[in-house]
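Student: pasting the structure only:
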């Protein structure tokens with residue numbers, strides 16, 4: 001590096017460390033972007049090969065993306081001079097506060113468990129039209145499923161309004177479902 005430094009103009013020497021750090025930060029960001037693209041491609045191939053639904057791959061992709069983003073953030077902070085001990089202390093402190101808040105909000109835990117059941121049992125899929133009935137026969141929330149995340153399922157009503165329904169409601173109320181034409185059935189049908 002000292003030999004290369006002599007080849008550069010004198011006015012660039014004071015800012016060489018800053019430029020090197022900026023280049024390394026840019027490299028980390030590019031690598032994180034490439035890794036997320038590779039993960040998306042891998043998920044697409046797995047979905048096509050094993051005929052998995054879009055929603056089955058959505059949660060693992062979001063988790064993997066979050067892990068890549070957090071890893072890139074830690075790498076960038078390390079490049080900027082933040083020590084690993086400080087990062088670890090901050091991370092464990094935030095994790096402890098997060099764990100306390102997480103267990104204090106038991107409804108959030110219920111929603112996460114219900115999300116797991118929705119992903120595994122697949123009572124509905126993305127782009128299905130569903131309706132949550134009130135007391136068995138009264139009309140309730142109705143729309144097209146446009147997103148399923150860890151806490152909410154987003155429904156788009158006919159007028160374009162977006163409803164965010166807590167996932168726990170799908171296990172407390174009757175759900176009426178109109179599947180997308182040509183979609184695979186969500187549960188085996190007994191014709192016998």
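Tutor: Structure's in. What do you need? Quantities reported herein were computed from a predicted structural model and do not represent experimental measurements.

Student: Can you pull up the most central residue in the chain?
Tutor: residue 62 (2.4 Å; CA atoms, centre = their mean).

Student: show me the contacts for it.
Tutor: When contacts are counted by CB atoms under 8 Å, 6 or more residues apart in numbering, residue 62 touches 149-150. For every residue, glycine as well, the C-beta is placed using N, CA and C.

Student: Would you mind listing the buried residues in whichever strand or helix holds it?
Tutor: Per DSSP states H and E, residue 62 falls inside helix 54-79. Within helix 54-79, the residues that count as buried by 16 or more other CB atoms under 10 Å are 55-59, 61, 64, 68, 72, 74-77, 79.

Student: what's the answer for stretch 32-39, then?
Tutor: 32, 35-36, 39.

Student: so what's residue 134 up against?
Tutor: 140, 173.

Student: re the thing from before, the buried residues of stretch 32-39 in helices, which ones?
Tutor: Using DSSP state H, the members of the buried residues of stretch 32-39 that fall in helices are 32, 35-36, 39.

Student: Tell me the one among these nearest to residue 46.
Tutor: Nearest to residue 46 out of these is residue 39 (CB to CB; 10.4 Å).

Student: Which residue, neighbours along the chain excluded, lies closest to the closest one?
Tutor: What sits nearest to residue 39 in space, not counting adjacent residues and going by CB to CB, 6 or more residues apart in numbering, is residue 64, at 5.1 Å.

Student: pretty sure that neighbour is touching residue 38, no?
Tutor: No: if you go by CB atoms under 8 Å, residue 64 and residue 38 don't touch, sitting 10.1 Å apart.
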